[in-house]
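Asker: following is a predicted model, sequence given first.
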Amino acid sequence: MVSIVIDMVFGELPTAVHPVVIMGSIIGFFKNVFIKIKNKLSGLLLIIFTASAVSIIVYVFYAIGMLNVILLFIIFSVLLSSSFSINMLLQTAIDVENDLKTSLDKARESVSYLVSRSTDELTESFIVSATIESLTENITDSYVAPIFYYFIFTLIIMIYPVNNALYFLLLIPLLYRLSNTMDAMVGYETDELKDIGFFPAKIDDILNYIPARISGLYVVLSACLLKLDWKNSYRIMKRDARNCPSPNSGYTMASTAGALNIQLIKKDTYILGDENKTIETNDIENAVKLSKYTIMLFTATILLLLIIFKVIL
């Protein structure tokens, strides 16, 4: 809970010391080394060497923290908070909504940082769609997945205690974030990256498989709590989630489209939902609220399960 509060109140750590930025530098270094190997072995080596480097760095910080219990608490909480990103996830969508109310060109520029598609000629409706797509797709990898794996390994350690348990509890979500960052950097089917990016992309797909589907269901549950069209949310998720090229990203996007009765469109790639109403700028606000409830509901579930297992074990 402390890590969540840190993220919500203070947001991201400064770029110079942000663990994800440091991970990106490590990935970039080893990518330049192994990309010279013109087969898929390069991707396996990239995974092994980057994961080893991150594990060593995390252990160094853990060892420093072991010198003092308060210092350990601070290091653990801050580093754990860097494995997810609630504040930035929600705020970036809100910023685009605010920009739309003042300048279409400014909104185009803002959304260009969120999506890979060209935004120079996007209309207002496509900007809203792109913003909601980015927001809801990232519910999984920006929060649910790292917390899911933190929870799973907490249970394992509760059942099978190990030495340096706090180190492993900190390492697991950070390794997930490493995988996610690696996929974002090299997981593309370009001539340059198709070999080195093959295994990182596959591992990221595997790691997100269960969390993505859990996230989609929690969007449906949150839609019910908010008295949105939760039945349509579930229906559209089942019907359209597989329309996306990624095996995982469609679950939260499709369930959101169904809950808001809108259609999310990425030209020449996918269409999610039915056009029951015209998509509007205030749909971003509704999507942000739905995302907040999804995150809160998932967090409450994890806390409740941890309490139950603590009592049982």
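Answerer: Yes, it's here. Owing to the predicted nature of the structure, the values given are computational and were not obtained by experimental measurement.

Asker: can we go C-alpha only for contacts and neighbour counts from here?
Answerer: Fine.

Asker: can you give me the strands in the chain?
Answerer: All strands of the chain, identified by DSSP state E, fall at 264-266, 270-272.

Asker: select, out of those strands, the one closest to L122.
Answerer: Ranking those by distance to L122, with Cα to Cα as the measure, places strand 264-266 first at 10.9 Å.

Asker: packing partners of the closest one?
Answerer: Here strand 264-266 touches helix 124-139, helix 250-260, strand 270-272, going by 3 or more Cα pairs under 8 Å, 6 or more residues apart in numbering; DSSP states H and E.

Asker: let me see the mean pLDDT of the top helix by length along the chain.
Answerer: For the chain, the longest helix by residue count, based on DSSP state H, is helix 282-312. Averaged across helix 282-312, the pLDDT comes to 95.

Asker: likewise stretch 120-131?
Answerer: Stretch 120-131 comes out at a mean pLDDT of 90.

Asker: next: stretch 149-169.
Answerer: The pLDDT scores in stretch 149-169 average 94.

Asker: same question, stretch 205-216
Answerer: Stretch 205-216 comes out at a mean pLDDT of 98.

Asker: so how far is that stretch off the chain centroid?
Answerer: Offset of stretch 205-216 from its chain centre (Cα atoms, centre = their mean, to the nearest Å): 10 Å.

Asker: before we move on, what about stretch 34-49?
Answerer: Computed by Cα atoms, centre = their mean, the chain-centroid distance of stretch 34-49 equals 25 Å.

Asker: ok, and for it, which residues are buried?
Answerer: Neighbour-count burial for stretch 34-49 flags 34-35, 40-47 (criterion: 16 or more other Cα atoms under 10 Å).

Asker: farthest-separated two in those residues?
Answerer: It's I35 and I47 that sit farthest apart of the buried residues of stretch 34-49, by Cα to Cα, at 12.4 Å.

Asker: TSV please, covering the strands of the chain and showing distance to I64, mean neighbour count and mean pLDDT.
Answerer: Listed next are the strands of the chain as TSV, based on distance: least, Cα to Cα, whole Å; neighbours: other Cα atoms under 10 Å; pLDDT from 0 to 100:
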stretch	distance to I64	mean neighbour count	mean pLDDT
strand 264-266	47	19	94
strand 270-272	48	20	95
